[in-house]
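Peer 1: Requesting a structural model of the entry that follows:
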Amino acid sequence: GLTERFELFVCGKELCNAYTELNDPFVQRERFENQAKDKAQGDDEAMFKDEGFLTSLEHGLPPTGGWGLGIDRLVMFMTDSNNIKEVLLFPAMKPT
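Peer 2: Predicted structure coming up:
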C-alpha cells in the first residue's frame with residue numbers, strides 16, 4: 001500500500017502536485033476500518049467505511065494517478081507574486 005507523490009516547484013514556487021492512488025483493497029479496507037474507529041471516537045474528519053468503493057477495488061483498479069495545477073499558483077508564477085493572496089480572484093474569499 002504505497003502512494004507516490006511529488007510536487008513541482010519552479011523558481012522556488014510550488015506549481016503542481018502529482019500522486020498515485022492506493023488501489024490495494026485489503027490495505028484500503030484496513031485504513032477505512034481504522035478511520036471508522038476514529039470517527040466513532042469523535043473525529044469529524046475521519047471517513048466511513050465505503051463498501052461500494054472497496055467492492056470496486058476488489059474487482060480491480062489499474063494503477064491510477066493524477067496531478068493538479070492551480071491556476072492561482074500559475075498566475076503567481078507569471079506575475080512574480082510572492083503571496084497567493086495577491087492573485088486570488090475573489091477578494092472576499094481571501095484568507096486572513
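
Peer 1: going forward, measure contacts and count neighbours with C-alpha atoms only.
Peer 2: Noted.

Peer 1: The chain: strands as residue ranges?
Peer 2: For the chain, applying DSSP state E gives strands covering 5-10, 13-20, 65-69.

Peer 1: what's in contact with the first one?
Peer 2: It refers to strand 5-10. Strand 5-10 has contacts (C-alpha atoms under 8 Å, 6 or more residues apart in numbering) with Glu14, Leu15, Cys16, Asn17, Ala18, Tyr19, Thr20, Phe77.

Peer 1: Also the second one?
Peer 2: The contact list for strand 13-20, computed with C-alpha under 8 Å, 6+ apart, reads 3-9, 63-70, 73-74, 77.

Peer 1: tell me the angle of it relative to strand 5-10?
Peer 2: Per axes from the mean of the first three to the mean of the last three C-alpha atoms, to 10 degrees, the angle that strand 13-20 makes with strand 5-10 is 160 degrees.

Peer 1: mean confidence for strand 13-20?
Peer 2: Averaging the model's pLDDT scores along strand 13-20 yields 87.

Peer 1: Next: stretch 37-52.
Peer 2: On average, stretch 37-52 scores 91.

Peer 1: Give me the contact list for that stretch.
Peer 2: Contacts of stretch 37-52 (C-alpha under 8 Å, 6+ apart): Arg29, Phe32, Glu33, Gln35, Ala36.
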